[in-house]
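> With the sequence up front, the predicted model follows.
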Amino acid sequence: MLKRMGLTALVTAVTVVTLGCARGPVSPTETPTYAVKPVSVPAGVVSNEVTVLWRDIGVYRASGPLRLAGPIYEMTSYETMAECEAAQQTAMAKEALSRVGSATERLSDGIKTWDSDRQYYTTFRYLCQVPGARRTPFR
């Protein structure tokens, strides 16, 4: 019981530090997702390439790939995949710059930061995707 309370406190603390606010407990089998906002396109402009940049913040235990907490949410909509990918690269660079240190690793789509005792890590990932398409899960 004491270990479970300690784990819950640690996950909450990591989430508070990561997100800047306290969130309720999340079941390890459920990953919170947020609905896509309608994309507004100026009148007269028809684009079939509207793309959304998603951000995923995930908290994981080092001993396994089970997601413990963290939101996935839409950041911004772009008219083309190229614009989205440019914004993705910019967001990844800003994230990496703000979290420089020996406990930070680069990923192909974001960064991973480890806690001080390397038992948990947090990922900050970015994905460009067309709305309505089945979102590729972050790993």
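Noted; the coordinates are in hand.
> Contacts for the helix or strand harbouring residue 112 next, please.
Per DSSP states H and E: residue 112 is located in strand 110-114. For strand 110-114, the surrounding residues in contact (Cβ atoms under 8 Å, 6 or more residues apart in numbering) are 56, 62, 92, 95-96, 99, 101, 103-106, 120-126. Every C-beta, even on glycine, is put in place using the N, C-alpha and C of the backbone.
> at 10 Å instead, please
Contacts to strand 110-114, defined as Cβ atoms under 10 Å, 6 or more residues apart in numbering, come from residues 14, 17-18, 55-58, 60, 62, 88, 91-93, 95-106, 120-127, 138.
> Quick check on these: which are buried?
Buried members of the contacts of strand 110-114, scored by 16 or more other Cβ atoms under 10 Å, are 14, 18, 55-58, 60, 88, 91-92, 95-96, 104, 120-127, 138.
> what's the helix or strand just after the strand holding residue 112 packed up against?
Later in the chain than strand 110-114, the nearest helix or strand by DSSP H and E is strand 120-129. Secondary-structure packing of strand 120-129 (3 or more Cβ pairs under 10 Å, 6 or more residues apart in numbering; DSSP states H and E): helix 2-19, strand 51-61, strand 67-69, strand 72-78, helix 81-98, strand 104-107, strand 110-114.
> Could you point out which of the ones you listed sits nearest residue 131?
Between residue 131 and the helices and strands packed on strand 120-129, the shortest separation by Cβ to Cβ is 5.2 Å, and it involves strand 51-61.
> partners of the closest one, with directions?
Taking DSSP bridges as the criterion, strand 51-61 sits next to strand 67-69 (antiparallel), strand 72-78 (antiparallel), strand 120-129 (antiparallel) in its sheet.
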